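Colleague: Got a sequence here, can you build the structure:
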Amino acid sequence: MCRNEIEARIVFFMSIVDLAVLRLEYIMQQRLAGTRRRRPLGITIIAILLFIQAVFEIVVGIFSFFGHIITNPLSGLLVGWIPLAVGILLFILAWGLWTLKPWAYWVTLVLEIVNIILHFLGYGQTHSILAIISGGVISIIIVIYLLVDRNVRRAFQTGL
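Modeller: Numbers count the residues shown, from 1 in each chain. Next comes the predicted model:
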């Protein structure tokens with residue numbers, strides 16, 4: 001072997017080693033960056049409650065849709081699709097909270113504030129006053145928890 005061939009092979013092996021080292025560094029960075037943030041217990045509870053509510057809304061929407069479509073197709077369309085849409089949105093929101101997506105934090109915060117306003121303005125006039133107040137109180141507790149707990153803000157990486 002001549003000297004040029006040896007140098008070429010050395011350069012070739014060094015480039016392979018360089019690529020291997022770069023790949024190893026990349027894998028380590030991904031593992032460090034991919035370390036899971038711990039989901040606070042309260043967020044887990046809120047996500048599970050939203051998931052249960054989503055399932056309930058979807059079931060109610062399906063039954064309302066098929067129940068009203070027989071008597072009045074237009075009311076079935078309106079009454080059935082609204083709970084279905086709300087259920088799907090709640091399901092997406094529950095998933096976002098479960099996986100600690102920052103957008104889920106903000107959407108939950110806004111929706112709970114809207115829920116507070118609606119409950120205390122008499123939303124759902126067929127409900128008892130206890131149901132209206134308790135729904136508003138639960139939303140108030142969720143808003144306070146989202147805004148006050150440092151672990152929640154850290155988990156969602158919010159700047160608050």
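
Colleague: alpha carbons only for contacts and neighbour counts from here, please
Modeller: OK.

Colleague: what about stretch 144-155, start to end distance?
Modeller: End-to-end span of stretch 144-155 (C-alpha to C-alpha, to the nearest Å): 16 Å.

Colleague: And for stretch 95-111?
Modeller: 15 Å.

Colleague: buried stuff in the helix or strand hosting Glu112?
Modeller: Using DSSP states H and E, the element containing Glu112 is helix 102-120. For helix 102-120, a neighbour-count test (16 or more other C-alpha atoms under 10 Å) marks 104-105, 108-109, 112-113, 115-116, 119 as buried.

Colleague: and it, what does it pack onto?
Modeller: helix 73-98, helix 129-148 (3 or more C-alpha pairs under 8 Å, 6 or more residues apart in numbering; DSSP states H and E).

Colleague: repeat that with 10 Å
Modeller: Judged by 3 or more C-alpha pairs under 10 Å, 6 or more residues apart in numbering; DSSP states H and E, helix 102-120 is in contact with helix 41-71, helix 73-98, helix 129-148, helix 150-156.

Colleague: For this protein, which residues score under the pLDDT cut-off?
Modeller: Along the chain, segments meeting pLDDT under 70 span 1-3, 6-14, 17-22, 24, 26-37, 65, 67-80, 122-135, 159-160.

Colleague: What's the separation between the closest residue in space to Val55 that isn't next to it in sequence and Gly96?
Modeller: Distances taken as C-alpha to C-alpha, 6 or more residues apart in numbering put Gly87 closest to Val55, at 6.5 Å, once the chain neighbours are dropped. From Gly87 over to Gly96 the distance is 14 Å, taken as C-alpha to C-alpha.

Colleague: ok, how many other residues are close to Leu93?
Modeller: Residues near Leu93, counting by other C-alpha atoms under 10 Å, number 22.

Colleague: likewise Val59?
Modeller: For Val59, the neighbour count with other C-alpha under 10 Å is 16.

Colleague: Hmm, Trp81 and it touching each other?
Modeller: No. Val59 lies out of contact with Trp81 (C-alpha atoms under 10 Å); the separation is 11.1 Å.

Colleague: circling back to that earlier point, out of the helices and strands packed on helix 102-120, flag the one nearest Ile16.
Modeller: Smallest distance to Ile16 across the helices and strands packed on helix 102-120 (C-alpha to C-alpha): 39.4 Å, for helix 150-156.
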